[in-house]
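need a 3D model of the following:
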Amino acid sequence: MTEREQQINRGLHALDDAHRLGRIARDEYRLRRRHLLAPLNDETYETVRDTVRRAAPAHATQKQKQANGRTSDRSARPGLYEPRAGSGWRHLALSVCVLGALGVGVGLLFWLMLRT
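Have a look, this model is predicted:
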């Protein structure tokens, strides 16, 4: 944690104590908190804005995909669902449970209808 972040953290602790003990109202607490956190957000914004964006070489992304265990090109199409390993068994077990519960419910309904 940088010195600036430590100063902000100490200020937030003091502000929290003052609010918790009832020395300042909620609106005043929120205003002071916003002022304390504003420089931190400005620094983050400047860092994000000033970063250099370069395209990664094609061989680097292929190596990363292989290292992550992904060999298909699904990452090039964002928004598609990528199932986790072993999720097929979970879906099958859930389907069997749901169908079993429905079967028991239908059986119970017929049993109650025939009894009366």
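
name the next helix or strand following the lowest-mean-pLDDT helix or strand in the chain along the chain.
Ranking every helix and strand in the chain by mean pLDDT, DSSP states H and E puts helix 58-68 at the bottom, with a mean of 61. Sequence order places helix 87-115 as the next helix or strand after helix 58-68, per DSSP states H and E.

average model confidence for that next one?
Mean per-residue pLDDT for helix 87-115: 91.

ok, how many other residues are close to Leu36?
The tally of other residues near Leu36 (other Cβ atoms under 10 Å) stands at 17. Heads up, the C-betas are built off the backbone N, CA and C, glycines and all.

which non-adjacent residue is nearest it?
Gly11 (4.9 Å; Cβ to Cβ, 6 or more residues apart in numbering).

wait, the one you found touches Ala38, no?
No: between Gly11 and Ala38 there is no contact under Cβ atoms under 8 Å: 11.8 Å.

the two: who's more crowded?
Shown here are Gly11 and Ala38; by other Cβ under 10 Å, Gly11 has more neighbours (15 against 11).

what about Arg33, how many residues close to it?
Neighbour tally, Arg33, other Cβ under 10 Å: 15.

tell me how far it lies from Ala18.
Distance of Arg33 to Ala18, computed by Cβ to Cβ, to the nearest Å: 11 Å.

same thing with Pro39?
20 Å.

give the contact list for Glu5.
Residues counted as contacts of Glu5 (Cβ atoms under 8 Å, 6 or more residues apart in numbering) are Leu40.

which element is it on?
helix 3-20.

go through that helix and flag the buried ones.
8, 15, 19 (16 or more other Cβ atoms under 10 Å).

if you average pLDDT over that helix, what comes out?
Here the average pLDDT along helix 3-20 is 91.

keeping just the C-alphas, turn it into CSV.
C-alpha atoms of helix 3-20 as CSV (Å, rounded to 0.1, in the frame of the first residue of the first chain):
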residue,chain,number,x,y,z
GLU,A,3,1.8,6.2,1.5
ARG,A,4,-1.0,8.1,-0.1
GLU,A,5,-3.3,5.1,0.2
GLN,A,6,-2.3,4.7,3.9
GLN,A,7,-3.2,8.4,4.6
ILE,A,8,-6.6,7.9,2.9
ASN,A,9,-7.1,4.7,4.9
ARG,A,10,-6.3,6.5,8.2
GLY,A,11,-8.7,9.3,7.3
LEU,A,12,-11.5,6.8,6.5
HIS,A,13,-11.0,5.1,9.8
ALA,A,14,-11.2,8.4,11.7
LEU,A,15,-14.3,9.3,9.7
ASP,A,16,-15.9,6.0,10.3
ASP,A,17,-15.3,6.3,14.1
ALA,A,18,-16.8,9.8,14.1
HIS,A,19,-19.9,8.6,12.2
ARG,A,20,-20.3,5.5,14.3
